[in-house]
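Undergrad: Structure for this input, please:
(3 chains)
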Amino acid sequence: MTQDFEMQLKDLQATVSLLEKGTKDQVSMVVFSGDMDKILAAMIIATGAAAYDMKVNLFFTFWALSALRDPRKSAQGKSFMEKMFGMMLPKGSRNLKLSKMNMSGMGTSMIKGIMKKNKVASVEEMFRTAGELGIQINICEMSMNLMGFKREEMIDYPNMSVCGVATFLADAAESKIQLFI
Amino acid sequence: MTQDFEMQLKDLQATVSLLEKGTKDQVSMVVFSGDMDKILAAMIIATGAAAYDMKVNLFFTFWALSALRDPRKSAQGKSFMEKMFGMMLPKGSRNLKLSKMNMSGMGTSMIKGIMKKNKVASVEEMFRTAGELGIQINICEMSMNLMGFKREEMIDYPNMSVCGVATFLADAAESKIQLFI
Amino acid sequence: MTQDFEMQLKDLQATVSLLEKGTKDQVSMVVFSGDMDKILAAMIIATGAAAYDMKVNLFFTFWALSALRDPRKSAQGKSFMEKMFGMMLPKGSRNLKLSKMNMSGMGTSMIKGIMKKNKVASVEEMFRTAGELGIQINICEMSMNLMGFKREEMIDYPNMSVCGVATFLADAAESKIQLFI
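TA: Predicted coordinates:
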C-alpha cells in the first residue's frame, strides 16, 4: 500500500514538473510590424514584464527588422535587390513611422514631441533599457535573407542572436504570455 | 515514512495551486487598433468568451482609445495639441473605419449594412453587451496622456478603470488566452 | 491516516489532469489579416509548429478569408452586394498583397521573386504542406456570411470546417500558444 502511494506520488511529481516547465514566468512575442507605434507597444510590454522579473524573448521578423538597423552601419556584398530594399525600408528605430496619421512625418514628429513632454522614453532609449534588463532579441533568419539585411548592420545589443521559428515556438510554449505584434 | 509522504504531498499541493492560479478561465487582450474591423473582432471574441463564463479583461491602448470616446461628451482644459488630436481621431465606436476598403467611408457603410442584415450586433451594441456580461475594460494611462484624452470623455461603462501595463501583465499571466489585436 | 492520504492524492490527480488538459501541445491562431506578409507569417509559424508535432488550429476570419478562395471556383445565387465584395477582394493566396510597400504590386512581385531565390515556399505551397501536416483550418461562419463567400468557393483542403468563435475559444483555452495575426 505504501509502495503504491509512493509510485502514484512520483508519477504526479513528474507530471507537475512538466506542467511547471510549460508555464514559466516568461513572455514571448513575435514582433512583426515595423510601425513606430507597434514597436513602441512591444517595447513597453517587454520592458514592463522584465521590470517585474519575467524573462522576455522578442522574435523580430519581417518589417520589424527595420527597427534593429543601425543607421551608422552598412554591409558589403549586397545584390542590387538587397540594396534597393535597404534604401526603401526605414533605417533604425529613430526613422520608424506611425501606422496611422503619419501625415508625411508630421504625425510621427507630433507623437515624439508629446512623448518627450510626458517623459515617455523614446524607442531608442527603450532598446537600451531592454538590453540592460536582459531582454533577449532573436532575429528571424529567413526575414534577414528575404530583406537582404546582414548581422553586421544591426544595432549593438547585448543579447541578440539570429535564429529560426523553432526557437520562437520553443520559447512560446514555455511562456505564460505570447503575443503577435 | 508516513511523515515523508505528508511533506511531499504538501509540496505538490502548493505547486499545483500555484499552477492553477496561472491558468484561470480568463482571456486577456491588448486592444491596440482603432480600426472598426479589429475592434469588432476583439469584441466578438470578448463577448463570446464571457458568454462561456470566462473572465475577460480588455486593455485598450493607443488608437483603440477612439472606440471608447463618447461623442456627446467633451473635456475642459486641453492644450492646443490635445485639441488637435481630439479632432483628428474618430470620436466613438460609431465613427471607426475599416482597416481595408474604407473607400472614403463607403466600404464601412456597406459592412454596417450587411451586419444589420445578418443580425450581427453593431460595435456600440457589443460594448453594451460587454458591460452586461461583466467584461473589464482597462484604459492604458500612458496612451490617455499621449493622446490627451480625459477620463470624463469616455463612454459610460460599468467596469472601466485607467491603469498601466503592469495590470495587463498580471491579468495576462493568469489567463488561458492572451491576444494582441 | 492512510485513507486521508489516498483522498488527498486523488484530489490532486484530478486537478493535475485538468491542468494538463488546459496546456496541450497545441497552437491556436486567429488569422484575421488578408495581407500576403501576415498570411505568410501565420503559415510559417503553423507549419513550423506542426513539424514539431504540435497540433495546430487556424481560425480564418475577416480579410483572411481571401487567402482561402479558389480562383477557379465560383458560387451561384449571390446578391449584388456579395458579388461586389467578391470582385473587390483578392481571389486566392496567389493574389494577396503586401501590407507595406505593395507599390501597385511591384513590391509584392519583388518579395515573391526573392522568396523563390531563397527557396522559401510560396503561400500556395504552404497551404499544401499545412494540409499534409494535418493542420486544421476553421473558417469563421459569421465572416463568410458578412463577405458573402460560400463554402464551395474555397480551396480543396483536407481538414477544413466552418464554425463559430466558440470553437476557437475552446481550442485556444487548451493551447500552449495563442496568437492573433
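Undergrad: quick one, longest strand in chain A?
TA: Looking across chain A with DSSP state E, the single longest strand is strand A:24-31.
Undergrad: So for the helix or strand just after it, mean pLDDT?
TA: Following strand A:24-31 in sequence order, the next helix or strand is helix A:36-51 (DSSP states H and E). Taken as a whole, helix A:36-51 carries a mean pLDDT of 97.
Undergrad: Which strands or helices does the lowest-mean-pLDDT helix or strand in chain A pack on?
TA: Least confident helix or strand of chain A, by mean pLDDT, DSSP states H and E, is helix A:2-22 with a mean of 85. Contact partners of helix A:2-22 among helices and strands, from 3 or more CB pairs under 8 Å, 6 or more residues apart in numbering or on different chains; DSSP states H and E: helix B:2-22, helix C:2-21. All C-beta spots, glycine's among them, are computed from the backbone N, C-alpha and C.
Undergrad: Give me every residue in contact with it, excluding its own residues.
TA: Helix A:2-22 is contacted from outside by A:173-174, B:1-2, B:5, B:8-9, B:12, B:15-16, B:19, C:2, C:5-6, C:9, C:12-13, C:16, C:19-20, C:23, C:176, using CB atoms under 8 Å, 6 or more residues apart in numbering or on different chains.
Undergrad: From these, list just the buried residues.
TA: Among the contacts of helix A:2-22, those buried by neighbour count (16 or more other CB atoms under 10 Å in any protein chain shown) are A:173-174, B:5, B:8-9, B:12, B:15-16, B:19, C:5, C:9, C:12, C:16, C:19, C:23, C:176.
Undergrad: Could you work out the most separated pair of those?
TA: Using CB to CB, the buried ones among the contacts of helix A:2-22 span at most 33.7 Å, a distance reached by A:Ala173 and C:Phe5.
Undergrad: how close does A:Ile111 get to B:Gly164?
TA: Separation of A:Ile111 from B:Gly164 (CB to CB, to the nearest Å): 19 Å.
Undergrad: for A:Leu98, same thing?
TA: Here the criterion is CB to CB. By it, A:Leu98 lies 22 Å from B:Gly164.
Undergrad: neighbour-wise, which of the two wins?
TA: The residue with more neighbours, out of A:Leu98 and B:Gly164, is A:Leu98; 22 against 14, by other CB atoms under 10 Å in any protein chain shown.
Undergrad: wait, what's in contact with the more buried one?
TA: By CB under 8 Å, 6+ apart, the residues touching A:Leu98 are A:Asp35, A:Met36, A:Asp37, A:Gly107, A:Thr108, A:Ile111.
Undergrad: distance of A:Ile177 from A:Cys163?
TA: Distance of A:Ile177 to A:Cys163, computed by CB to CB: 20 Å.
Undergrad: Revised request: answer the last question for A:Tyr52.
TA: Separation of A:Tyr52 from A:Cys163 (CB to CB): 25 Å.
Undergrad: Name the secondary structure element that contains the most centrally placed residue in chain A.
TA: Residue closest to the mean C-alpha point of chain A, counted by CA atoms, centre = their mean, is A:Leu58 at 2.9 Å. Using DSSP H and E, A:Leu58 falls within strand A:55-60.
Undergrad: Quick one: check whichever helix or strand comes after that strand for contact with chain C.
TA: As assigned by DSSP H and E, the chain's next helix or strand after strand A:55-60 is helix A:80-88. Yes: Helix A:80-88 lies within reach of chain C by CB under 8 Å from any CB of the partner chain, at A:Met81, A:Phe85, A:Met88.
Undergrad: Now a PyMOL select for only the buried ones of those.
TA: Restricted to buried positions by 16+ other CB under 10 Å, the PyMOL selection for the residues of helix A:80-88 next to chain C reads:
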select buried, chain A and resi 85
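Undergrad: okay if I get the residues of helix A:80-88 next to chain C as JSON lines plus distance to B:Asp156 and pLDDT?
TA: Output for the residues of helix A:80-88 next to chain C, formatted as JSON lines (distance: CB to CB, whole Å; pLDDT from 0 to 100):
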{"residue": "A:Met81", "distance to B:Asp156": "55", "pLDDT": "84"}
{"residue": "A:Phe85", "distance to B:Asp156": "49", "pLDDT": "85"}
{"residue": "A:Met88", "distance to B:Asp156": "47", "pLDDT": "89"}
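Undergrad: Restricting to C-alpha, output stretch A:90-102 in PDB.
TA: The C-alpha coordinates for stretch A:90-102 follow below in PDB (Å, rounded to 0.1, in the frame of the first residue of the first chain):
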ATOM      1  CA  PRO A  90      13.400  52.700 -42.600                       C
ATOM      2  CA  LYS A  91      16.900  52.600 -41.200                       C
ATOM      3  CA  GLY A  92      16.700  52.300 -37.400                       C
ATOM      4  CA  SER A  93      14.200  52.900 -34.700                       C
ATOM      5  CA  ARG A  94      14.600  56.700 -35.000                       C
ATOM      6  CA  ASN A  95      13.200  56.500 -38.500                       C
ATOM      7  CA  LEU A  96      10.100  54.400 -38.000                       C
ATOM      8  CA  LYS A  97       6.700  55.900 -38.900                       C
ATOM      9  CA  LEU A  98       3.300  55.700 -37.300                       C
ATOM     10  CA  SER A  99       0.800  53.200 -38.700                       C
ATOM     11  CA  LYS A 100      -1.900  55.900 -38.800                       C
ATOM     12  CA  MET A 101      -1.800  59.600 -39.100                       C
ATOM     13  CA  ASN A 102       1.800  59.700 -40.200                       C
END
